[in-house]
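Asker: mind looking at a prediction? Sequence and model below.
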Amino acid sequence: MKITTAEAVHWLVELEPIAADLMNRHLATAREWFPHQYVPWSLGRDFDGPLDGEPWRAEHSTLAPAVRSALVVNLLTEDNLPGYHWTIAAQTSRDGAWGAWLHHWTAEEDRHAAAIRAYLHASRAVDPIALERARMAQVATGTLPEPDGVLGLVAYAAVQELATRVSHRNTGRLSGDPVCDRLLTRVAQDENLHMVFYRELLRAALASDPDQVLVTLDATVRGFAMPGQGMPGFARLAGEIAVAGVYDLRVHHDEVLVPLLRSLKVLELTGLGPAGEQARDRLAGYLEHLDARASRFVERRDRALDVRARREQAATA
């Protein structure tokens, strides 16, 4: 169900006072931090090029390949900020509470990109030339989500911010590097507060018109794609990340969709019209389907990893 212009304007006006309150709550809750304090500068040294330093080599980092891939995907997602800024502004406003949130959110997300890139460069975790080429390609493609009006934006952002938080947090945990873990934990804390902003807007919208919100949320959840879809080699990178358990179908189901929908009590809503009832039932069915797919994926992955471990053990025997 496509949101009309009149409906989009209605939600823009309806939710702005709530956005203002949530913005104030965010400012009171968020803790100031500084990227330079999280970067291991003592590990840094000149690269090849004008400074005639040492070229990057893979053995410079002890991070597992999947962790490197996750860090690249996470960073390139943050790098795509200019496009997201434009998308959000197009669906909301650059003025008032919406504009205040947009600009503050952009500044915080840009801080994430600066911190992660500095860590990658100082620690020589990934090939800096390949990383810069990927950044240029990612930003230049202009691949962005296309939410349907204010409701579509809020629904997408609630899912995306939680997914991003989980991806950062899991990457840090699996990195084996306390410095990386500390940095990504701090980034994930910001992402969680961003998710809360959009989740609470969704909650307020559900209280106002649950049928329309459920229809939008259902379409968003079933059609959701991670924001890194447009980056070079995303399918390969996503595959490595999924095999490592950083972000896969099981994580998406258990750590993103189920907690979000449970918090909003979506599947418990009553008094709905036909459209809302159908959307709620589709969501419930989708969760069951995704849960089954996730279980099959984990089983196949475990078998494949077991076979690989046996082969490696036999080769060294």
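Answerer: That came in fine, so what should we check first? Residues are numbered from 1 along each chain as shown.
Asker: all strands of the stretch 101-250 of the chain, in order?
Answerer: Using DSSP state E, counting those that start in this stretch, no strands are found in the stretch 101-250 of the chain.
Asker: need the pLDDT of the nearest residue to Val72 once chain neighbours are set aside.
Answerer: Computed as C-beta to C-beta, 6 or more residues apart in numbering, the closest residue to Val72 that is not its neighbour in sequence is Val126, at 5.9 Å. The C-beta positions use only the backbone N, C-alpha and C, and glycine is treated the same way. Here the pLDDT value assigned to Val126 is 96.
Asker: and the spatially closest residue to Arg250 that is not a sequence neighbour, what does it touch?
Answerer: Take Arg250 and drop its neighbours on the chain: the residue closest to it by C-beta to C-beta, 6+ apart is Ala294, 4.1 Å away. By C-beta atoms under 8 Å, 6 or more residues apart in numbering, the contact set of Ala294 is 248-250, 252-254.
Asker: Ala294: what secondary structure?
Answerer: helix (DSSP: H, G, I helix; E, B strand; the rest coil).
Asker: does the residue nearest to Val72 touch Val73 like I think?
Answerer: No. If you go by C-beta atoms under 8 Å, Val126 and Val73 don't touch, sitting 11.1 Å apart.
Asker: how near is Gly152 to Ala205?
Answerer: Counting by C-beta to C-beta, to the nearest Å, the gap from Gly152 to Ala205 is 11 Å.
Asker: between the two, tell me which one has more neighbours.
Answerer: Per other C-beta atoms under 10 Å, whichever of Gly152 and Ala205 has more neighbours is Ala205, with 24 against 21.
Asker: list the contacts of the more buried one.
Answerer: Each residue near Ala205 by C-beta under 8 Å, 6+ apart is listed here: 11, 14-15, 151, 154, 213.
Asker: CSV for the residues you listed, including pLDDT, distance to Gly285 and neighbour count?
Answerer: Converted to CSV, these look like this (pLDDT from 0 to 100; distance: C-beta to C-beta, whole Å; neighbours: other C-beta atoms under 10 Å):
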residue, pLDDT, distance to Gly285, neighbour count
Trp11, 88, 27, 25
Glu14, 92, 30, 14
Leu15, 94, 29, 22
Leu151, 91, 22, 28
Val154, 94, 23, 27
Val213, 95, 18, 25
